[in-house]
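Asker: Sequence and predicted model, in that order:
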Amino acid sequence: MVSLSIASLVLLTCSMTAIALLRGAGRVSQAAEDWAVLDSVRRVTTEDGHAATSASAWGQSLVFREVSGAIYTYYLNSNHQLVRVRAGGGTAVIATGVRAFSTSQCPASTGWLISISVQTLDGHSLSWDVGNGG
């Protein structure tokens with residue numbers, strides 16, 4: 001009877017340890033996914049920013065205008081998706097699970113400079129600047 005209780009206790013302990021490890025792995029996986037989302041947003045906005053001849057930022061929206069005439073607008077929708085719209089056609093969701101997207105126009109001696117900040121639903125955040133001079 002005692003050996004059965006000890007075996008049950010060992011099995012329970014092993015099960016609880018496995019569950020805890022899986023939960024921890026899930027958190028690590030979510031953090032890695034969040035950082036991939038943040039890096040993707042940074043990469044796309046930086047590429048569009050470097051190709052832009054002008055930019056405008058208003059709180060939760062961002063607009064880049066390219067020399068080709070293409071205009072890209074970024075905004076966060078109610079489904080926590082960061083959306084990139086090309087004027088004249090072409091909409092893409094560039095990130096999901098986004099809690100906050102904020103932009104601000106910063107002073108620059110020449111050209112323009114935009115500060116961008118993104119936060120995921122899990123609270124990870126990243127900020128960076130994009131500009132064409134100054």
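Answerer: Cool, the structure landed. Numbers count the residues shown, from 1 in each chain.
Asker: looking at this protein, which helix or strand does the model trust least?
Answerer: Least confident helix or strand of the chain, by mean pLDDT, DSSP states H and E, is helix 2-51 with a mean of 66.
Asker: Toward the C-terminus, what is the element adjacent to that helix?
Answerer: Once the chain leaves helix 2-51, the next helix or strand it forms, by DSSP states H and E, is strand 52-58.
Asker: For that next one, buried residues please.
Answerer: 52, 55, 57 (16 or more other CB atoms under 10 Å). Heads up, the C-betas are built off the backbone N, CA and C, glycines and all.
Asker: For the residue nearest the centre of the chain, list the residues it contacts.
Answerer: The residue lying closest to the centre of the chain (CA atoms, centre = their mean) is residue 38, at 3.2 Å. Residue 38 makes contact with 118, 120, 124, 125, 126 under the criterion CB atoms under 8 Å, 6 or more residues apart in numbering.
Asker: residues near the first one, how many?
Answerer: Read that as residue 118. The local packing count at residue 118 equals 25, with neighbours defined by other CB atoms under 10 Å.
Asker: before we move on, the earlier item: now the buried members of the contacts of residue 38.
Answerer: 118, 120, 124, 126.
Asker: Take these and keep only those in helices.
Answerer: Of these, none are assigned to helices by DSSP state H.
Asker: Columns pLDDT on top of those residues, output as TSV?
Answerer: Putting the buried ones among the contacts of residue 38 into TSV (pLDDT from 0 to 100) gives the following:
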residue	pLDDT
118	95
120	93
124	91
126	92
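Asker: where does the closest residue to residue 96 other than its chain neighbours land on pLDDT?
Answerer: Nearest non-adjacent residue to residue 96, counting by CB to CB, 6 or more residues apart in numbering: residue 81, 5.2 Å away. The model reports residue 81 with a pLDDT of 96.
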